[in-house]
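Enquirer: quick one, fold the following:
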Amino acid sequence: MLVLGIDPGSRTTGFGLIEVRGNKLSYIDCGCVRSGDGELPARIKQIFTGICSVIEQHKPQQVAIEEVFMGRNAASALKLGQARGAAMSAALSHDLPVDEYSARQVKQAVVGAGAAEKGQVQHMVKALLSISDNIAEDAADALAVAICHANTHASLLRMAGAKSFSRKRLR
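Expert: Numbers count the residues shown, from 1 in each chain. This is a model prediction of the structure:
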């Protein structure tokens, strides 16, 4: 199974692809869709087309995306939500299932602590996927989202005693 993880951002959206075979995770690719400093509608379009391009190139079977974290600035949260919607729309336009995870869930799955620092997440992603090169922070976060999804998916399969599982209507 090929999983695309997405860390949405209104200026930089990270993406990371991993292959899941049983309990083995393999690094495939990662990077960032940079939407620049232009007007928000143009940046949203860039995110949509950038994620579509990644999907068309790698053909993942599942997509996982980080949920919006509501900070103190409501305007920033709204922009982030729009960027997230563009990335989700790209996945849905390719008929891919999309699962959502909070930042706390992602950190817990990768580092073992929901309050982990970004540096700890980046370090563990590189260790878990045997990546020796430096990777962008947003790309590392996206790989962490993909790892979280793989671990959650595997846990649900074990609990259900099933060979495959779909989360489509569980919410």
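
Enquirer: quickly find the element holding the closest residue to residue 19 other than its chain neighbours.
Expert: Nearest-residue entry for residue 19: residue 26, 4.4 Å, with adjacent residues in sequence omitted and distances by Cβ to Cβ, 6 or more residues apart in numbering. The C-beta positions use only the backbone N, C-alpha and C, and glycine is treated the same way. Following DSSP states H and E, one finds residue 26 within strand 24-34.

Enquirer: can you name the element that comes right after that strand?
Expert: Counting by DSSP H and E, the element after strand 24-34 in chain order, helix or strand, is helix 40-58.

Enquirer: can you give me how far that next one is from the chain middle?
Expert: Helix 40-58 has its C-alpha centroid displaced from the chain centroid by 14 Å (Cα atoms, centre = their mean, to the nearest Å).

Enquirer: stretch 127-145 now?
Expert: Centre-to-centre, stretch 127-145 and its host chain are 11 Å apart (Cα atoms, centre = their mean).

Enquirer: surely residue 15 touches residue 9?
Expert: No - counting by Cβ atoms under 8 Å, residue 15 does not reach residue 9; the two are 11.0 Å apart.

Enquirer: could you pull out the strands for the protein?
Expert: Using DSSP state E, the strands of the chain run over residues 2-7, 12-21, 24-34, 62-66, 98-101.

Enquirer: I'd like those strands laid out as CSV, including mean neighbour count.
Expert: Listed next are these as CSV, based on neighbours: other Cβ atoms under 10 Å:
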stretch, mean neighbour count
strand 2-7, 26
strand 12-21, 23
strand 24-34, 18
strand 62-66, 25
strand 98-101, 18
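
Enquirer: for the lowest-mean-pLDDT helix or strand in the chain, buried residues please.
Expert: Across the helices and strands of the chain, mean confidence by mean pLDDT, DSSP states H and E is lowest for helix 137-160: a mean of 82. Neighbour-count burial for helix 137-160 flags 138-153 (criterion: 16 or more other Cβ atoms under 10 Å).

Enquirer: number of nearby residues for residue 75?
Expert: With neighbours defined by other Cβ atoms under 10 Å, the count for residue 75 comes to 7.

Enquirer: what does residue 106 give?
Expert: By other Cβ under 10 Å, 28 other residues sit near residue 106.

Enquirer: please look at it and residue 66 and confirm they touch.
Expert: Yes - using Cβ under 8 Å, residue 106 makes contact with residue 66 at a distance of 6.2 Å.

Enquirer: any residues in contact with both of those two?
Expert: 141, 145 (Cβ atoms under 8 Å, 6 or more residues apart in numbering).

Enquirer: who's in contact with the residue nearest to residue 19?
Expert: Taking Cβ under 8 Å, 6+ apart as the test, what residue 26 contacts is 18-19, 129.
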